[in-house]
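# Would you be able to build a 3D model of this:
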Amino acid sequence: NERLALLGFLQQPGIGSRRLRALKARCGAHQAAWNASPTIWREAEVPDKIVSELVTRRQRIVLDELPRALERDSIRLVTPTDTDYPVLFHQMADRPEGLFVRGTIQHLPWIAFVGSRTMSSYGQHCIDVLIPPLRQTSCGVISGLALGVDGAAHRRSLVQVGVVFA
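Coordinates of the predicted model:
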């Protein structure tokens, strides 16, 4: 199943949309890429460290269990082939191959915070000042959860809506 293979890849740090597209281009589909040999992964320019981690992950992961784990947390995967995938994302050169969504993504204004992977005091100040009023207007925050500004903005927006981090 294409969706299960995509979920499997998305569990792997270092596999983002660019690498997913390269793997799909090399193999024709995410499922074929998931079942491909490490040699094929290397030919798609996946670094050796990630190839090694993928081999281990593929041996111990049960793809059929991934959707149930998401459902338990009321999370769903939205892909470019889904009708509720944001229309404007189709115009992006580096569009996400999958969005993990809790709630709805339709009919909201969206904002993404992009900055350094090394958080500065200025970056934190901007997040602390900008996120609260954005959340009060039901503006959605898009995040790749990268280190630094991107992840901090996402965490701050979740705190605004009452999500607590342990």
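# Pull the number of nearby residues for Ala44.
18 (other C-beta atoms under 10 Å). Every C-beta, even on glycine, is put in place using the N, C-alpha and C of the backbone.
# you'd agree it is up against Leu20?
No - the criterion here is C-beta atoms under 8 Å, and Ala44 misses it with Leu20 at 9.6 Å.
# Pull up the overlap in contacts between the two.
Ala33 (C-beta atoms under 8 Å, 6 or more residues apart in numbering).
# got the contact list for the least confident helix or strand in the chain by mean pLDDT?
Among the helical and strand segments of the chain, the one scoring lowest on mean pLDDT, DSSP states H and E is strand 140-142, with a mean of 73. Under the criterion C-beta under 8 Å, 6+ apart, residues 105, 108-113, 131, 134-135, 153-154, 157 lie in contact with strand 140-142.
# how about stretch 119-136: buried residues?
By neighbour count on 16 or more other C-beta atoms under 10 Å, the buried set for stretch 119-136 is 119, 123, 126-127, 130-131, 134-135.
# What lies in contact with that stretch?
Contacts for stretch 119-136 (C-beta under 8 Å, 6+ apart): 111, 113, 115-116, 141, 147-149, 152-153, 156-157, 160-161.
# Likewise for stretch 95-111?
The contact list for stretch 95-111 (C-beta under 8 Å, 6+ apart) reads 6-7, 10, 17, 20-21, 70, 73-80, 84-86, 89, 134, 137-142, 144.
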